[in-house]
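**Student:** my questions concern the predicted model and sequence given below.
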Amino acid sequence: MKFSNAVSAAALTVTCLFSSTSAFVTNTRNLPNAQISSSIAPKNLFMSNDPLNQSYDGKYTAKQRLREEVESPFRKVRLLFFGGSTGSALIALYFSLLSVLKANMGGYTDIPPLDESIQNCAINAGGAVICAALAYRDWKAGEANLERIAKGGALAALPVMTAETESVQT
C-alpha cells in the first residue's frame, strides 16, 4: 500500500513537472523564420526589460548608480566614516555640554574645570561641523557625478544624423 502511494506521488510530480515546462519553451515548428527570430530575441537588447535599466527612485537607474560607484568606489565608505564621525562628535558635544553645565553650577568634584570643559565643547563642535561638511561635500559630489552620468546616457541615446542619411539609430 505504501509503495503504490509513493509511485502515484512520483508519477503526479513528474506529470506536473513536464506539463509546466511547456510554459518556458517557445514552439517554433510552425512559425516562419522572421517570427522565430523576433519571438526568441528581443528587438533591442539594450532597452529590454532589464532590471538595471529601471529607475527605482525616479531619477537614476541602477546602471547609472553602479557606474557612479565604479568611478568612486570608496564614496560610501567615506560617507559612513564622516557621518559616523559627525554622530560621535555630537554625542561627545552633548557630554561636554553637560560637563560645562556641571562646572558652571559647582558642587561637583568629579568634573574638569570650566575652562577645560569649554575647550572640549569647542573641539567637539568643530569636529561635528567639519565632519558634517565633509560628508555633505562628498554626498554632493556623488549627486553631481550621477547627474553627469545621466546626461551622458541621454546624449548617447540620441539618434545620429549624417549627411547621406536622414537618421541612423544607435
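**Tutor:** Noted; the coordinates are in hand. Residues are numbered from 1 along each chain as shown.
**Student:** pLDDT weak spots in the protein?
**Tutor:** Within the chain, the set of residues satisfying pLDDT under 70 comprises 1-57, 165-170.
**Student:** where along it do the strands fall?
**Tutor:** Counting by DSSP state E, the chain has no strands to list.
**Student:** show me what contacts residue 90?
**Tutor:** Residue 90 makes contact with 124, 128, according to C-beta atoms under 8 Å, 6 or more residues apart in numbering. Any C-beta I mention is one placed from the backbone N, CA and C, and that applies to glycine too.
**Student:** could you give the number of residues near residue 149?
**Tutor:** Using other C-beta atoms under 10 Å, residue 149 is surrounded by 19 other residues.
**Student:** 33 is where my numbering starts, stick with that
**Tutor:** Done: numbering now begins at 33, and the last item shifts to residue 181.
**Student:** so it makes contact with residue 99?
**Tutor:** Yes. If you go by C-beta atoms under 8 Å, residue 181 and residue 99 touch, sitting 5.4 Å apart.
**Student:** quick one: residue 106 from residue 181, how far?
**Tutor:** 18 Å (C-beta to C-beta, to the nearest Å).
**Student:** just list the residues touching residue 166, thanks.
**Tutor:** With C-beta under 8 Å, 6+ apart, residue 166 has these contacts: 110, 114.
**Student:** switch the cut-off to 6 Å
**Tutor:** Neighbouring residues of residue 166 by C-beta atoms under 6 Å, 6 or more residues apart in numbering: residue 114.
**Student:** got a list of what the residue nearest to residue 117 when sequence neighbours are not counted touches?
**Tutor:** In space, and not counting its chain neighbours, residue 117 is closest to residue 163: 4.1 Å by C-beta to C-beta, 6 or more residues apart in numbering. Residue 163 sits next to 114, 117, 118, 121 when contact means C-beta under 6 Å, 6+ apart.
**Student:** state the number of residues packed around the first one.
**Tutor:** Other residues within reach of residue 114 by the criterion other C-beta under 10 Å amount to 20.
**Student:** wait, isn't it in contact with residue 167?
**Tutor:** Yes. Using C-beta atoms under 6 Å, residue 114 is in contact with residue 167, at 3.6 Å.
**Student:** re earlier: dump the contacts of residue 163 into TSV; add distance to residue 155 as well.
**Tutor:** Formatted as TSV, these follow (distance: C-beta to C-beta, whole Å):
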residue	distance to residue 155
114	17
117	13
118	14
121	9
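**Student:** just the residues you listed now: which is nearest residue 189?
**Tutor:** Of all the contacts of residue 163, residue 189 sits closest to residue 114, with 35.1 Å by C-beta to C-beta.
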